[in-house]
Each structure stands twice: as C-alpha cells, then as structure tokens.
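K.L.:
Provided below for reference: sequence and predicted model.
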Amino acid sequence: MIDVELLKSILLYGVMTGGLYALLAVGFSLIYGVSEVTNLAHGALFMLGTYVFFFLATPYGGIQTNLFLAFILAAISVAIVGSILYRLTIDPVVEDPLMVMVVTISLAMIMQEVLVLGFGSYRQRVPSIGEELAKMLGTEDLVVVWGVKLTYSRILAFALSIALFAVLLIYITKAKSGRAMRALSQDREVAMLMGINTGRLSMLAMAISASFAAIAGVLITSSTGGGVTYPHIWRTPLFMAFAIVVLGGLGSIKGAFVGAFIIGYIETIFSFAIDPIIASILNVPGGASLSGAVIMATMLLVLFFRPKGLFGKRVELEE
Amino acid sequence: MATTYLRRFYSSFLAHIYDIPPRLLALLGILLLICLPLAGLSARILLILTTAFILGIFAASWDLLVGRTGQISLGHALFFGIGAYSTGLLFYHLNWPLWITIPLSLIIGSLAALLIGFPCLRVKGHYLALVTLAFPIILMGLILYFRDFTRGDFGIWNLPSYFPTLPYTQQLIAEYYLCLFLLLASAIIMYKIANSKIGIVFVSILDDELASKASGINITRYKMMAFVISGLFATLAGSVNAHLMANGHVTSLASLRITLSFMAVAWTIFGGIGTITGPIAGVLILEILDKYVLTEVIDVPSSWRLISYSAFVIILVIFWRGRGLARFVTDKLEDFEEARDIDERGPKIWKTYKKKEKK
C-alpha cells in the first residue's frame, strides 16, 4: 500500500532540504535577534553570493579561480558588503521597523538592477562544487544512499550547512561576542546597560548573516536549484527564509533550525507525493508553483495558533 | 433666493478652503488637473496621468491602513491583484459587462479583506508585515497552478473598455476624467474617514494599542474596519485599472508583484505617511518624473531608473523619515501665513523683533 521507495526518498530529501534551509534562515533570524532588523535584502545577499561565486569560478569573469577559493571569497566579500550596507543605510533608521523594511527592500532592488546591468537579466549557470569534488575523487556525481539516488553536491551541501550551523551554535554559546549577541536578543535594555556596543555587534551579526546567506546561495543553487542564478532570484530565498523564521519565531536560532526542517519536509512531501495526486485529480499540469503557496499556508497555520511562532519571545503586556 | 445660496456658498468657501492654504493649494492642483487635457497634451502624458490617478487611490488606501492604524502591510498588491483578477475572470468565463464585474470585484475584495483580516490581526508588528507579504505569493502560486482557469502567465487579454464607441483621442480624455473623478471621490471619502471619529480611533491604535484597549475600544473591530476599507479602495484601483486603455486592457500577474506593494510604500513615504493627500501628490509627482521626464525627455535605461528610484527612497527615508512632502509643504505654508499675519499687525521693526524672539 505505502510506497516504501517514495517514503525513503521523502525522508532523505527532506533532511537535505531542511539542512540547507536552516543555513539560509539562521542568518535572517540572527540579525533580527541582535538588532530587530527585518532584513528583506537577505535574498539579495543570497543572490549576490551566487553572482560573486559565478564571476570568480567561471571563464565569464576572466579569472577562473579554484572553486573552493571562489566559494570562500564569495562568503567574505558578501559579508563585507552586508556590513557596510548595514552601517550606511540600515543603522540610521534602525528603531523604526517600517523604515528598516523599506530601506532593505530598496537595497534588494538596487542589487537586482546592478546585477542586471553587470551580467544581463538572463540565467547564468553556476558551477557545482559537488561535481568538482566528485571529479577530484575520480567518481561519478551520483551515490546511492539507503536505496535512494543522491548527488555529491547535495550531500556536500548538507554536510557543510550542518557543520556551519554547529560552528554558529558554538560561537553564540561560547565566544564573548556571541554571548553578547544572545544577551541582546534576550533583553535589549539590560544588555545595553551592561556595556555592550550595539552598533559594532550589529555590524558583526550582519556580516555573519550575510556570509551565511551567500554560502547558502552557492550551496542551494549548485545543488538543488537547477544550477542557475538570475537577477530576480532573490524573492524565492527571501520568502523561504522569512516563512521559516516566522514559523519558528523571529530571532530564535532554535526556531530557525526546527522551522527549516518542518518547511523542508513539507516542501518535499508536497512535491513528491501530494502534487502529483492533485495534478491528476484536477487535471492540471502541476509543477513547483504551488509549493511556495503551501509553505506560506503552513506558516499562516502555525501563526494562527501561536502568534509569535513556535519558539518566539513571549512578551507580556508590551506591544 | 439664488443669491443667498450663492453668498452662503461663497462664505463657506472662504472659511473652509480659501483661508486654509494647503486646501487652497489642493484646489488649485485639482483645477490644473481638470484643465490639463484642454491644453492639448500628448497622449503619452494623458496615459501616464490616468494610471497615476489609479495608483493614487492605491497609495492612499495603503496610507489609510498603515499611516493611520500602524498595521504594517507589505502585501497590499494583493488587493490590487484581487480586483484585477476578479473582474478579469468574471469577464473571461461569464463574459459579463464591466459595470457588473467591477462592483462584484469590490464585493469580492472586501470579503477577501475580511477573510485575510482574521489571521492577520492575530499577529502584530514585524510578524504582521511578514504575514501580509505572504498572501500575494499564495495567490500568485494558485494562479500559476490553475492556469487553465486563470490563464496563468499569459494573463487575461482584451478586457472591455469603458467607452468603446468613442474614437481613440476622445476615449483617452474620457478615461482621464473618469479616473480623476474616481481619485477625487475616493480621496475625499478616505480623507473624511481618516478625520472622523473612526479615524481618531485608528490613530489611537497607532499611538498606544494598550491604552486604547483600556479605554474600552474594541480594537480588533476597528483594525478589521481599517483593513476592509483599505482593501476595498485598493480593489477598486485594481479592477478599474484592468479595464484601462493605459493598461492595455489586460489582467496579469504584474498586479501582484512585490514591486507594486513596494511602490505604494515608496510613494507614501515621499508624500508623507498618515496624510492621505500626501501619497496622492507623491504618486503624481514621482510617476511624471519616472515615466515622463526620465523616460521620454531624458532617455534613461530602465535599470538606472529603478536604481535611482530605490536610492532616492533610501535617502528620503534616512533624512526625512515618514515626514514627507505634504507635511513639508504645510509647514512652509504655515510659516508664510504667520509672516503675513505679522505684516498686517504691525510695522516692519516689530516683525524683525518678533523673528528674533522666535529664534
């Protein structure tokens, strides 16, 4: 009755997608936690990461460097861009949530149009790190795990994102600045009274958030997204990130992690099992267009029962 | 008999419009807009202005919701899209004339606002902004998925026009006046609502939700009211726009894009948040600048136009916040008025003395 093969692939693909989404969403959540900034340019930073990687790693830019070097350089340069933009544009309006959203969405539009000017608005093929690794190992880019066919790119992306997530967790629980960030997200006023330099810390958080967005960009586009990037891609990761973070609770790292796996599984279950059924019953072509709607509907459903998300801060009386 | 009415009208005009500089300015602006088509402008400007009037309704409706009640909505294009799609689909499937489909789409739009209001009003602040952002995505996904019913990417073409019997140029002018009339009517209604007792309650919710709750105000009801009124006007804008010649008689996914929601925010910030009239002025000025001056007069590529638009918004936000054009002009006019009063009251020396004292 139950298709075991389907169940297995749903289980594995769900885990892989969840891991990648966790990396994407945690940056969004981190910067919200530290400085209450709803960074609607998160998707644009994701896109910028893919473009820097594309520029450095392919013959297009004329400087075809090593893929791994390009990957690291992309993360670093996007982190620098993110923190500079934070200092110049977001910091002056940081107390007003509406203005922050307006500024960040304007930044996203600017990045989109700059990339259109620089690279053209058509799709560009991003090289896959997993394929490169498979080539180095001398095997084909295909592994069979537990009876399910997977690519090296997916496994590598998953492993890297989990590793980076673990590094971030260690950083915010052990390092001094990381603990300061947590203090800020728990109680802003008291943390400031303890002498935490909010401006510098926010810039640092933004740098981490931006570099995570860029890393997620390179990993997601090269492993799942059909391997292409284009200047209008920023909306998809942005919507994904905010759905996950709102579902898990704004500013909560744990919420981002749990939310990413929930959304990852829902997306996988929908596209593997439910979408073909709906498509055959209603006689429509089907396809990925509804999965975004399903994810948003899940987020709304969770919010309906828990208005602050799963792990959101509970504020009594205030607000 | 007639003269007494005329005299009464004249005195009320003096009291309510002539003596209040911003209103006089608005009246002059309206008269200018009424006279413009008579000046023999090019069809291009008329088309731009016609669209700008409709977008003015849209921006003002956003302002009524966000500027007055503080319920941040980033997905206002949803209502614009609902308007466009309900009138378009009713035409496409049932072939009904537009004077039935547009009122029906208004009903659909307000029902949708009620329906969406329920989950939205459970959440606050940042959560609300992000949740409202989600709705256009859901609708867009549904439209793309059921593409046999909605025509998906293609959009619905050849919607009926308002004045099919008139020749092209006259049709243009007729649509111009129709949209101007709709803009004025909805602006006056929204302005009246914003300054009525309901509007004061809206502002109290913006200022301090807890305090207004403690004063015995059913804030959920008022928030819902703001949502529905705002949604209704945005739907009106969307459904009227779908049939316009300036829009090419088409309903498409462009009416649901995040860009449109963002534009409503940009116009309102430029015009002045919470002023209702400001966003309308903002739309008119920025649309003329963007679509005419930067496109026709100086041919700027579209990428550079969008970059300068966004950069302008960022600079505006950083230096002006939500204060906007309307408040700036009002302040300036009041200063002017004050100077005039002083002039009438005493000699020049006294005036300079008064200015020093002010400093």
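P.N.:
Noted; the coordinates are in hand. Residues are numbered from 1 along each chain as shown, chains lettered A, B, ... in the order given.

K.L.:
In chain A, where is pLDDT below threshold?
P.N.:
For chain A, the stretches with pLDDT under 70 are A:1-2, A:141, A:225-226, A:284-288, A:314-319.

K.L.:
Which parts of the stretch 1-150 of chain B are helices?
P.N.:
B:2-13, B:21-35, B:43-63, B:69, B:77-94, B:98-120, B:125-145, B:147-150 (DSSP state H, counting those that start in this stretch).

K.L.:
residues from the stretch 1-150 of chain B in reach of chain A?
P.N.:
Residues of the stretch 1-150 of chain B lying close to chain A (Cβ under 8 Å from any Cβ of the partner chain) are B:66, B:72, B:74, B:119, B:122-127, B:129-131, B:133-135, B:137-142, B:144-148. Any C-beta I mention is one placed from the backbone N, CA and C, and that applies to glycine too.

K.L.:
hmm, which of those residues are the buried ones?
P.N.:
Neighbour-count burial (16 or more other Cβ atoms under 10 Å in any protein chain shown) applied to the residues of the stretch 1-150 of chain B next to chain A gives B:66, B:72, B:74, B:119, B:122-127, B:129-131, B:133-135, B:137-141, B:144-146.

K.L.:
still on that earlier bit, weakest of the helices of the stretch 1-150 of chain B in terms of mean pLDDT?
P.N.:
Per-stretch mean pLDDT for the helices of the stretch 1-150 of chain B is lowest at helix B:147-150 (a mean of 80).

K.L.:
mind listing what's buried in whatever helix or strand comes next after it?
P.N.:
Where DSSP states H and E defines the elements, the next helix or strand beyond helix B:147-150 is helix B:168-195. For helix B:168-195, burial by neighbour count (16+ other Cβ under 10 Å) applies to B:171-176, B:178-180, B:182-184, B:186-187, B:190-191, B:193-194.

K.L.:
and residue A:150, backbone torsions?
P.N.:
Recorded main-chain torsions at residue A:150 are phi -130, psi 160, according to degrees, to the nearest 10.

K.L.:
List the contacts of it.
P.N.:
Shown in contact with residue A:150 (Cβ atoms under 8 Å, 6 or more residues apart in numbering or on different chains): A:12, A:16, A:142, A:143, A:144.

K.L.:
and which of those residues is nearest chain B?
P.N.:
Nearest to chain B out of those is residue A:16 (Cβ to the nearest Cβ; 22.9 Å).

K.L.:
So the closest one lies in a helix, does it not?
P.N.:
Yes: assessed by DSSP: H, G, I helix; E, B strand; the rest coil, residue A:16 belongs to a helix.

K.L.:
Check the spacing between it and residue A:74 real quick.
P.N.:
21 Å (Cβ to Cβ, to the nearest Å).

K.L.:
The two - which one has more neighbours?
P.N.:
Neighbour count, other Cβ atoms under 10 Å in any protein chain shown: between residue A:16 and residue A:74, residue A:74 has more, with 25 against 22.

K.L.:
I'd like the distance from the helix or strand that contains that one to the chain centre, please.
P.N.:
Element membership for residue A:74 (DSSP H and E) is helix A:67-85. Using Cα atoms, centre = their mean, to the nearest Å, the mean C-alpha position of helix A:67-85 is found 15 Å from that of the whole chain.

K.L.:
So which elements touch the helix or strand just after that helix?
P.N.:
Downstream of helix A:67-85, the next assigned helix or strand under DSSP H and E is helix A:97-119. Contacts defined by 3 or more Cβ pairs under 8 Å, 6 or more residues apart in numbering or on different chains; DSSP states H and E place helix A:97-119 against helix A:42-57, helix B:125-145, helix B:258-271, helix B:302-320.

K.L.:
need the ones you listed in JSON lines with distance to residue B:5, can you?
P.N.:
Formatted as JSON lines, the helices and strands packed on helix A:97-119 follow (distance: least, Cβ to Cβ, whole Å):
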{"stretch": "helix A:42-57", "distance to residue B:5": "61"}
{"stretch": "helix B:125-145", "distance to residue B:5": "48"}
{"stretch": "helix B:258-271", "distance to residue B:5": "36"}
{"stretch": "helix B:302-320", "distance to residue B:5": "44"}
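
K.L.:
So which of those helices is the most surrounded?
P.N.:
helix A:42-57 (a mean of 27; mean count of other Cβ atoms under 10 Å in any protein chain shown).

K.L.:
and the angle from that one to helix A:97-119?
P.N.:
20 degrees (axes from the mean of the first three to the mean of the last three Cα atoms, to 10 degrees).

K.L.:
How about helix A:42-57 and chain B, touching?
P.N.:
No: shown here: helix A:42-57 not in contact with chain B (Cβ under 8 Å from any Cβ), separated by at least 10.4 Å.

K.L.:
okay, the angle between that helix and helix A:67-85?
P.N.:
Angle of helix A:42-57 versus helix A:67-85, following the same axes, to 10 degrees, is 140 degrees.

K.L.:
quick one: contacts for the nearest residue to residue B:199 once chain neighbours are set aside?
P.N.:
With sequence-adjacent residues excluded and distances taken as Cβ to Cβ, 6 or more residues apart in numbering or on different chains, residue B:199 is closest to residue B:193, at 5.7 Å. For residue B:193, the contact set (Cβ under 8 Å, 6+ apart) comprises B:64, B:199, B:229.

K.L.:
And for residue A:73?
P.N.:
Contacts for residue A:73 (Cβ under 8 Å, 6+ apart) come out as A:52, A:56, A:65.

K.L.:
One more: residue A:202?
P.N.:
A:31, A:34, A:35, A:37, A:86, A:91, A:94.

K.L.:
Apply 6 Å and report the result again.
P.N.:
A:34, A:35 (Cβ atoms under 6 Å, 6 or more residues apart in numbering or on different chains).

K.L.:
Up against chain B, what does the stretch 1-150 of chain A have?
P.N.:
Taking Cβ under 6 Å from any Cβ of the partner chain as the criterion, the neighbours of chain B within the stretch 1-150 of chain A are A:38, A:89, A:92-93, A:97-99, A:102-103, A:105-106, A:109-110, A:113, A:116-117.

K.L.:
Now the buried members of these.
P.N.:
A:38, A:89, A:92-93, A:97-99, A:102-103, A:105-106, A:109-110, A:113, A:116.

K.L.:
which one of those residues sits closest to residue B:276?
P.N.:
residue A:98 (17.0 Å; Cβ to Cβ).

K.L.:
Excluding chain neighbours, give the residue nearest to that closest one in space.
P.N.:
residue B:72 is the one closest to residue A:98 (Cβ to Cβ, 6+ apart), at 5.4 Å.

K.L.:
ditto for residue B:249
P.N.:
Residue B:249 sits nearest to residue B:159 (Cβ to Cβ, 6+ apart), 4.4 Å away.

K.L.:
Quick check: phi and psi at the one you found.
P.N.:
phi -70, psi 150.

K.L.:
And for it, the neighbour number?
P.N.:
The local packing of residue B:159 (other Cβ under 10 Å) involves 22 other residues.

K.L.:
tell me which parts of the stretch 151-300 of chain A are close to chain B?
P.N.:
Residues of the stretch 151-300 of chain A found near chain B (Cβ under 6 Å from any Cβ) are A:239, A:242, A:246, A:250, A:284, A:289, A:290, A:292, A:293, A:296, A:300.

K.L.:
Report the contact partners of residue 156.
P.N.:
Here I'm looking at chain A. Neighbours of residue A:156 in contact, by Cβ under 6 Å, 6+ apart: residue A:130.

K.L.:
sorry, should have said chain B
P.N.:
With Cβ under 6 Å, 6+ apart, residue B:156 has these contacts: B:88, B:92, B:251.
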